[in-house]
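Trainee: Just the structure for this:
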Amino acid sequence: MPGPAGSTPVVWRDRIYLTSAAEGDQLILLCIATSGRELWRRKLDGGNRSVRGDEGNLASPSPSTDGRRVWTLVGTGKLACYDTSGNLQWDVDLVDRYGKIEIAFGLASTPILQPGRLYLQIIRGDRDPATNEALVVCLDAETGGQIWLHHRTSDARGECEQSYASPTIYRDAQQEFLLTHGADYLVAHSLVDGHELWRCGGINPPGNYNLTLRLISSPVAGEGLIVVPTAKNGPIMGLRPAGSPLPLAAGKDHSDSEAAPYQMIWRYPENTPDVPSPLIKDGLVYLCRENGNLRCLDAQTGAEIYRRRTERGRHRASPVWADGKIYLTSRNGKVTVVRAGRQFEVLARNDVAEEITASPAIANGTIYLRTFQSLIAIRKGGGKEN
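Mentor: Predicted coordinates for the structure are as follows:
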């Protein structure tokens, strides 16, 4: 690799797209064949910088692709679209369009790609909302033109005004909406015009307000459940959107289910993963803390099934599921493989001996690890893809 990055690669058929720091202060987009051969690279912007020592740089948002085009954002606010041959289709400077990004780690949120649209949250810290307010934006994926803009209000203050989380979309048979996470609230937005549908507070309670509680871990949505992380040892919440086809867990209060936009079906009181995002799979919620402790909760009740120690190193990558296994990636290059399910079992411990903050990408029987020095492809037998 030409330099370090925390962005996760995205894989489409025989191509891998990823962003990186490069020589000088450059930020670039790379296209690499699944055989490992570099096909092309394009400069996205200059102005890269390291932040908080070794914690990261401005190559943090991950690319997105639909197989025809690739969309990429870097922490300076440069957003661009390329075709799969590396030809620029359009680019937008979000700072020029929407104002300065006054945020310590740069804009680290990955846009959400949906057919024909890109959804972005721009939640940045500034004491003057007249010049630097929080925004939620929907862009035309084909042109970069604005479809709608929503002004996201909050009473957050200090570092809490920032967010490094990525938005996500909740979808079930009855409804779909965008979720943004930051500035003390999870907020649900209409996909049509961005207006606020509802918000969930309690992330940073006023009675015990933490002035440094910026949000990094992203919310995760499964059918009938939204898992809302916080930060710095705060609570984790399980929400059930109103109208979800899945019933509330037995014993929960249904009294306001008709009127409320959501029900908080559980609240896990502490030990939040500050950076890694939660994982929902097969009725379970997995939480990986920075110190490598893995917690497994029942998705419908929030009851703790187990908490166990894994690799004792900083974990910045999010847990990933594949083939009945959970992959936990430590900053020191050690990957712990845990069997998915209610019984904790470590299946393997592997050491690639290079620093990693990007989450693994898994496709076509291959695990791709983006370290600070390399892109590594691992598959059974080391042969061709499945």
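Trainee: Helices of the stretch 201-350 of the chain, start to end?
Mentor: Using DSSP state H, counting those that start in this stretch, no helices are found in the stretch 201-350 of the chain.
Trainee: any idea how far Tyr119 lies from Tyr170?
Mentor: Taking CB to CB, to the nearest Å as the measure, Tyr119 falls 12 Å from Tyr170. In this view, the C-beta of every residue, glycine as well, is placed from N, C-alpha and C.
Trainee: more neighbours, those two?
Mentor: Set Tyr119 next to Tyr170 and count neighbours by other CB atoms under 10 Å: Tyr119 wins out with 25 against 22.
Trainee: how about that one, what does it touch?
Mentor: By CB atoms under 8 Å, 6 or more residues apart in numbering, the contact list for Tyr119 reads Pro111, Ile112, Val136, Val137, Cys138, Pro167, Ile169, Leu178, Leu191.
Trainee: With adjacent residues omitted, what lies nearest to it?
Mentor: Ile112 (4.4 Å; CB to CB, 6 or more residues apart in numbering).
Trainee: and the one you found, what pLDDT?
Mentor: On the pLDDT scale, Ile112 is placed at 98.
Trainee: What of Gln162?
Mentor: In this model, Gln162 carries a pLDDT of 89.
Trainee: give the contact list for it.
Mentor: Ile103, Ala104, Ile123, Arg124, Gly125, Gly182, Ala183, Arg214, Leu215.
Trainee: Sitting in strands, which of those residues do you find?
Mentor: Judged by DSSP state E, the contacts of Gln162 include Gly182 as members of strands.
Trainee: ok, the contacts of Gln162 vs Ala231, which is closest?
Mentor: Leu215 (5.6 Å; CB to CB).
Trainee: Quickly list what the closest one is bridged to.
Mentor: Residues in a beta bridge with Leu215, per DSSP bridges, are Ser163.
Trainee: Run a quick neighbour tally on it.
Mentor: Going by other CB under 10 Å, the residues that sit close to Leu215 add up to 29.
Trainee: Next: Asp91.
Mentor: 14.
Trainee: what helix or strand does the nearest residue to it once chain neighbours are set aside sit in?
Mentor: Ranked by CB to CB, 6+ apart and with sequence neighbours excluded, the top spatial neighbour of Asp91 is Ala80, at 4.0 Å. Assigned by DSSP states H and E, Ala80 belongs to strand 78-83.
Trainee: List the contacts of that strand.
Mentor: Contacts of strand 78-83 (CB under 8 Å, 6+ apart): 27, 29, 42, 44-45, 68-73, 88-94, 111, 118, 120, 139, 141, 144.
Trainee: Now, these that are in helices?
Mentor: Leu94 (DSSP state H).
Trainee: among the contacts of strand 78-83, which ones are buried?
Mentor: Among the contacts of strand 78-83, the ones that count as buried by 16 or more other CB atoms under 10 Å are 27, 29, 44-45, 69-73, 89-90, 92, 94, 111, 118, 120, 139, 141, 144.
Trainee: Out of these, list just those in strands.
Mentor: Among those, the members that lie in strands (by DSSP E) are 27, 29, 44-45, 69-73, 89-90, 92, 118, 120, 139.
Trainee: What's the separation between Thr143 and Ser217?
Mentor: 32 Å.
Trainee: for Leu88, that is, sorry about that
Mentor: As judged by CB to CB, Leu88 and Ser217 stand 33 Å apart.
Trainee: And Val51, by the same measure?
Mentor: 18 Å.
Trainee: Pick out whichever of those two has more residues nearby.
Mentor: The neighbour comparison of Val51 against Ser217 (other CB under 10 Å) goes to Ser217, with 25 against 16.
Trainee: Please report phi then psi for that one.
Mentor: Phi and psi for Ser217, reported as degrees, to the nearest 10, are phi -60, psi 130.
Trainee: where along the stretch 151-300 of the chain do the strands fall?
Mentor: Here the stretch 151-300 of the chain has its strands, by DSSP state E, counting those that start in this stretch, at 168-171, 176-182, 185-189, 196-200, 220-222, 225-228, 236-241, 262-268, 279-281, 284-288, 293-298.
Trainee: Thought Gly313 was touching Thr357, still the case?
Mentor: No - Thr357 is beyond contact range of Gly313, at 11.6 Å (criterion: CB atoms under 8 Å).
Trainee: Out of the contacts of Tyr119, the closest to Ile226 would be?
Mentor: Out of these, the member with the shortest distance to Ile226 (by CB to CB) is Ile169, at 10.7 Å.
Trainee: Can you pull out the low-pLDDT segments for the stretch 201-350 of the chain?
Mentor: The model of the stretch 201-350 of the chain has pLDDT under 70 over residues 246-259.
Trainee: Identify the bridge partners of the closest residue to Thr180 other than its chain neighbours.
Mentor: Ranked by CB to CB, 6+ apart and with sequence neighbours excluded, the top spatial neighbour of Thr180 is Gln121, at 4.3 Å. Beta bridges link Gln121 to Val136 when assigned by DSSP bridges.
Trainee: Distance of Gln121 relative to Ala303?
Mentor: 31 Å.
Trainee: So between these two, which is more surrounded?
Mentor: In terms of neighbours (other CB under 10 Å), Gln121 is the more surrounded of Gln121 and Ala303; the figures are 28 against 12.
Trainee: correct me, but the more buried one touches Leu149?
Mentor: No - assessed by CB under 8 Å, Gln121 is found out of contact with Leu149, at 11.7 Å.
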